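Participant: Sequence and predicted structure, then a few things I'm wondering about:
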Amino acid sequence: MTTVNSPRELSGVFAGTARTSALEAGREAAVARRRADSEKCRRRVLDVIAGMRKTRAPLSDAEITRRAGVNPQYLQRHRDLKAEAEVARAHLADSRPRAAAAQAARKEAALQVENRMLLEQNQALRKDLETARSELRSLRTRDLMGAARGDLAALPHRDPALKELRRERDEAVAVGRCAEADLVTLRRVVQRLMAENTRLLGGQADAPGGGSPSVGQEALGSGA
C-alpha cells in the first residue's frame with residue numbers, strides 16, 4: 001500500500017494521472033481518425049462494387065481498388081469486401097457453382113469480421129476496467145491523505161467535498177464491476193461464435209475441396 005506523506009506527493013500523483021489521461025485521450029482521438037478514414041475507404045469500395053452490378057460490367061480486384069482509390073492490397077486485407085466483389089461477379093456471370101462458393105466465402109468473411117469486432121470490444125472493456133481501477137486507486141489515495149492530516153473526523157461537518165469524493169469512489173467501483181460483468185458476457189459470446197464458426201467450417205471441410213481454419217479462429221486462439 002502506498003502512503004502519501006504530504007500534499008506535494010499527492011499533487012504529484014494527480015499530475016501523473018492527468019498526464020496519463022491526456023495521453024490516453026490523444027491515442028483515442030488517433031484511433032477515431034483511423035476508423036473514420038477506414039470507413040471512407042470501405043464506402044468507396046462498396047460504391048465501386050455497386051456500380052459494377054449496375055453497369056453489369058465485371059471488374060477485377062485490381063480495378064476495384066484502383067477506382068476506389070485504395071491500396072492495391074486492400075481487398076486482401078478485407079476479405080469480406082473481396083467476397084462481396086466475387087458474389088457480384090458470380091451473379092453477372094450467371095454461374096450457380098461460382099455464386100454458391102462466393103456466398104460461402106462471404107459468410108465466412110462475415111464471421112471473421114464479427115470475431116475481430118468482438119476481440120476489439122474485449123480489449124475496450126479491459127481498458128475501461130483498468131481506467132476504473134486507476135480512478136479508484138486515486139480516490140483511495142485522497143482518502144489516505146485526509147487521514148494523514150488528521151482531518152477526516154472534522155470533514156463531514158465542514159467539507160462537503162468528502163461526500164463527493166466518496167460518491168466518485170462508489171461510482172468507480174460500480175463501473176469496475178459492470179466492466180467485469182461485460183467481460184464475462186463477451187467471453188461467452190466469443191465462445192459461442194467460435195463454436196458456430198467451427199461448425200460451419202467443418203461442414204465446408206466435408207464438402208469437396210475442404211476448408212482451412214478461418215483467420216478469426218486463429219486470432220481468437222492467439223488472444224485466448
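Facilitator: Now that the structure is in, tell me what you want to look at.

Participant: any idea how far stretch 88-105 is from the chain center?
Facilitator: 32 Å (CA atoms, centre = their mean, to the nearest Å).

Participant: could you pull out the helices for the protein?
Facilitator: For the chain, helices defined by DSSP state H occupy the ranges 7-55, 61-68, 74-77, 79-93, 96-149, 155-158, 161-206, 215-223.

Participant: These into a markdown table, with extra columns for mean neighbour count and mean pLDDT?
Facilitator: C-betas here are computed from N, CA, C, even on glycine. Formatted as a markdown table, the helices of the chain follow (neighbours: other CB atoms under 10 Å; pLDDT from 0 to 100):
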| stretch | mean neighbour count | mean pLDDT |
| --- | --- | --- |
| helix 7-55 | 13 | 77 |
| helix 61-68 | 17 | 92 |
| helix 74-77 | 16 | 86 |
| helix 79-93 | 20 | 86 |
| helix 96-149 | 16 | 78 |
| helix 155-158 | 11 | 52 |
| helix 161-206 | 14 | 78 |
| helix 215-223 | 15 | 44 |
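
Participant: and the gap between the residue lying closest to residue 67 once chain neighbours are set aside and residue 56?
Facilitator: Closest residue in space to residue 67, ignoring its immediate chain neighbours: residue 48 at 4.7 Å, by CB to CB, 6 or more residues apart in numbering. Distance, residue 48 to residue 56, by CB to CB, to the nearest Å: 14 Å.

Participant: Over to residue 195?
Facilitator: 40 Å.

Participant: now do residue 73
Facilitator: As judged by CB to CB, residue 73 and residue 56 stand 27 Å apart.

Participant: can you check residue 111 too?
Facilitator: According to CB to CB, residue 111 stands 30 Å off from residue 56.

Participant: repeat for residue 122
Facilitator: Distance check for residue 122 against residue 56: by CB to CB, it reads 42 Å.

Participant: can you check residue 108 too?
Facilitator: Relative to residue 56, residue 108 is positioned 27 Å away (CB to CB).

Participant: Fine by me, thanks again.
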